[in-house]
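Peer 1: 3D model of this:
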Amino acid sequence: MIPGGGQPNMQQLLQQAQKMQQDLARAQEELAQTEVDGQAGGGLVRATVTGSGELRALKIDPKAVDPEDTETLADLVVAAVQAANENAQTLQQQKLGPLAQGLGGGSGIPGLPF
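Peer 2: Numbering: from 1, shown residues only. Here you go, the predicted model:
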C-alpha cells in the first residue's frame, strides 16, 4: 500500500530521477576521461579512443609502413580504430547500462521523459 491514498510521493520520485540524472552525467564524464585501446595487425597499429569514442592517439609500427602497399596500412588503421571503438562501446554499456535502464521508462510516470 502506498502512503497518501495510493498516490506516489512526487517529490521523492523527482529526487530519485534527479539523482539518476546526476549519476548518468558523472558516468558520462568518466567515459570522456577514460582511454581505451584497440589494435590490428598483431599490434602493428594501435588506436586509443576515449570511452565516449573520441580518437586520441594512433601508433603505427614502422614495420607496418610499406610505400608500395598503403592500402594494407589504411586497412590496419581502420581496423584498429574500429576495435578501439568496440571496446569503448563495451565500456559505455558497463558504465551507462544500469543507469540508462533506470532512466529508460522505468519510472512509469506519464509525461516524464525518463
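Peer 1: can you map out the strands along the protein?
Peer 2: 35-40, 45-50, 55-60 (DSSP state E).
Peer 1: winner for burial among the ones you listed?
Peer 2: Mean neighbour count (mean count of other Cβ atoms under 10 Å) peaks for strand 45-50 among those, with a mean of 22. Where you see a C-beta, it was placed from the backbone N, CA and C, and this is true even at glycine.
Peer 1: list the helices and strands that one packs on?
Peer 2: Using 3 or more Cβ pairs under 8 Å, 6 or more residues apart in numbering; DSSP states H and E, the elements in contact with strand 45-50 are helix 10-33, strand 35-40, strand 55-60, helix 70-103.
Peer 1: Please report how far Gly41 lies from Thr50.
Peer 2: Separation of Gly41 from Thr50 (Cβ to Cβ, to the nearest Å): 23 Å.
Peer 1: go on, Gln93?
Peer 2: Applying Cβ to Cβ to Gln93 and Thr50 gives a distance of 15 Å.
Peer 1: again with Gln92
Peer 2: 10 Å.
Peer 1: shared neighbours, those two?
Peer 2: By Cβ atoms under 8 Å, 6 or more residues apart in numbering, Gln92 and Thr50 have these common neighbours: Leu31.
Peer 1: Just the pLDDT for Thr50.
Peer 2: On the pLDDT scale, Thr50 is placed at 89.
Peer 1: mind listing what the closest residue to it other than its chain neighbours touches?
Peer 2: Nearest residue to Thr50, sequence neighbours excluded (Cβ to Cβ, 6 or more residues apart in numbering): Ala32, at 5.5 Å. For Ala32, the contacting residues are Thr50, Gly51, Ser52, Glu54, by Cβ under 8 Å, 6+ apart.
Peer 1: measure the spatially most central residue of the chain to Pro62 for me?
Peer 2: In the chain, the residue lying closest to the centroid (Cα atoms, centre = their mean) is Gln92, at 2.7 Å. Distance from Gln92 to Pro62, counting by Cβ to Cβ: 33 Å.
Peer 1: got it, and Ala47?
Peer 2: For Ala47, the distance to Pro62 equals 17 Å [Cβ to Cβ].
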